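Participant: Sequence and predicted structure, then a few things I'm wondering about:
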Amino acid sequence: MKISRATLIGLIAPLLWATSLPLIKLCSGQIGAFYLPAIQYLMSGTFGLVYFCATSRRPFEVYNRPKFLPRLVLFTAYFALLYPAIYLVQKPNFPGVLLLNYLWPTFTLLFTLVLLRLPFGPLKLLLGTILVVIGLALEILPSKVFGITASGGSVEPFPFAMSFSAAICWGLYSALNRKWGDIAGGVQAVPLLMLCAGIALLVLATFVDQAPTFPPKIIVPLIYLCATPFLANVAWDIGTRHGNLPLLSLVCDFIPWISLTLTAIYLDIQLEATTLVSAFLIVVGALVSRLALLPTRLSSKIDP
């Protein structure tokens, strides 16, 4: 199976994203739910604009593309929903928010099937979706939202609802990004998207967050978080527009395992058995869902 260069570039994004959520949980408590993404995307967007201008690209010209504004709205909405969810949720319940966020590869597939009218096997798609729902129900409904765990987790419906909504936004963003292509600005729009999102999040932060603090223990994670968005978003943009989107979303289904492992190690959060079973069911369900598309799209045309 030959994999194109665009697909390989796209694979960089899930590797960077998989390491980010535990660090976001660590830093957001000190910096703030909106100040943290504002700092990240203002810095990364500024770097991207400078880099693109230095390489003779014109990133400022994409603002008037027909689909740039709705793309910006979805892009900003994802971070405006996800970061407060991570900030608000208690540490014992953080794995639930993490798993809900990583529904976006499944939503990417579903929206791609609808928007691009791709052929698929309905039974496999239904079975995969059922497995994902069972996995989420096992982790979220009995033990986290209603707060009846042995560890005494409290009721926290809002972080879970926000994380779920964020996953929908990013799934739709990714599918529309593939459908729209250059009429939404393409990869050239990524720095301006990040800068505009950073400005919007900074405005929200001034009304919602307290003044941020920067203790020494978060400096290195913060530098990493500020350095990765431009690279990850450019890689994802190239992969979703020119690479194999079903294959990329397939690889992204394994992100929860990486993030959960880092969460347990870095944040010292003990993972319950239900969390591990839930992650297994979500990954298997997502894989089965991909099989609904693989026979018709990946066997004959691995990459455009």
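Facilitator: Now that the structure is in, tell me what you want to look at. Residues are numbered from 1 along each chain as shown.
Participant: Against G171, how distant is G128?
Facilitator: 15 Å (C-beta to C-beta, to the nearest Å). C-betas here are computed from N, CA, C, even on glycine.
Participant: Oops, could you answer that again for V277 instead?
Facilitator: From V277 to G171 the distance is 24 Å (C-beta to C-beta).
Participant: which of the two has more neighbours?
Facilitator: Legend: neighbour count by other C-beta atoms under 10 Å for V277 and G171, higher for G171 (23 against 14).
Participant: Going by secondary structure, the residue nearest to K25 when sequence neighbours are not counted is in what exactly?
Facilitator: Counting by C-beta to C-beta, 6 or more residues apart in numbering, I86 is the residue found nearest to K25 once chain neighbours are left out, at 5.3 Å. According to DSSP states H and E, I86 maps onto helix 68-88.
Participant: Which elements pack onto that helix?
Facilitator: Helices and strands touching helix 68-88, by 3 or more C-beta pairs under 8 Å, 6 or more residues apart in numbering; DSSP states H and E, are helix 20-31, helix 35-54, helix 94-101, helix 157-180, helix 190-208.
Participant: Going along the chain from the helix or strand hosting P256, find the next helix or strand for me.
Facilitator: Per DSSP H and E, P256 falls inside helix 255-266. Counting by DSSP H and E, the next helix or strand C-terminal to helix 255-266 is helix 273-291.
Participant: average pLDDT across that following helix?
Facilitator: The pLDDT scores in helix 273-291 average 80.
Participant: Kindly calculate the angle that it makes with helix 94-101.
Facilitator: 10 degrees (axes from the mean of the first three to the mean of the last three C-alpha atoms, to 10 degrees).
Participant: ok now helix 273-291, how far from the chain's centre?
Facilitator: 17 Å (C-alpha atoms, centre = their mean, to the nearest Å).
Participant: Next, the buried residues of it.
Facilitator: Of the residues in helix 273-291, 274-275, 278-279, 281-286, 288-291 count as buried by neighbour count, 16 or more other C-beta atoms under 10 Å.
Participant: Now the two most distant members of those residues.
Facilitator: T274 and L291 (25.8 Å; C-beta to C-beta).
Participant: Please list the residues outside stretch 70-80 that contact it.
Facilitator: 34, 37, 41, 166, 169-170, 172-173, 176-177, 180, 184-185, 189, 193, 196-197, 200-201, 204 (C-beta atoms under 8 Å, 6 or more residues apart in numbering).
Participant: Now with 6 Å, please.
Facilitator: P37, A166, C169, W170, L172, Y173, A184, L193, C196, A197, A200 (C-beta atoms under 6 Å, 6 or more residues apart in numbering).
Participant: Any idea which of these the model trusts least?
Facilitator: A184 (86).
Participant: Tell me, how many residues neighbour that residue?
Facilitator: Using other C-beta under 10 Å: A184 sits among 23 other residues.
Participant: these two touch, right, it and N64?
Facilitator: No: judged on C-beta atoms under 6 Å, A184 makes no contact with N64 at a distance of 11.5 Å.
Participant: So L131 versus L287, what's the distance?
Facilitator: Counting by C-beta to C-beta - L131 and L287 are separated by 9 Å.
Participant: low-scoring pLDDT stretches of the stretch 1-150 of the chain, where are they?
Facilitator: Residues of the stretch 1-150 of the chain that meet the criterion pLDDT under 70 lie in 1-2, 141-150.
Participant: Recalculate using a threshold of 90.
Facilitator: 1-8, 10-22, 26, 29, 48, 51-66, 90-150 (pLDDT under 90).
Participant: again with the stretch 201-304 of the chain
Facilitator: Confidence mapping of the stretch 201-304 of the chain against pLDDT under 90 gives the ranges 217, 227-304.
Participant: 50 instead, please
Facilitator: 295-304 (pLDDT under 50).
Participant: Now render the buried residues of helix 273-291 as TSV, adding distance to S28.
Facilitator: Formatted as TSV, the buried residues of helix 273-291 follow (distance: C-beta to C-beta, whole Å):
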residue	distance to S28
T274	25
T275	21
S278	24
A279	22
L281	28
I282	24
V283	26
V284	31
G285	29
A286	27
V288	34
S289	31
R290	32
L291	37
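Participant: now stretch 251-267, how far from the centre of its chain.
Facilitator: 13 Å.
Participant: List the buried residues for that stretch?
Facilitator: V251, C252, D253, F254, I255, P256, W257, I258, S259, L260, L262, T263.
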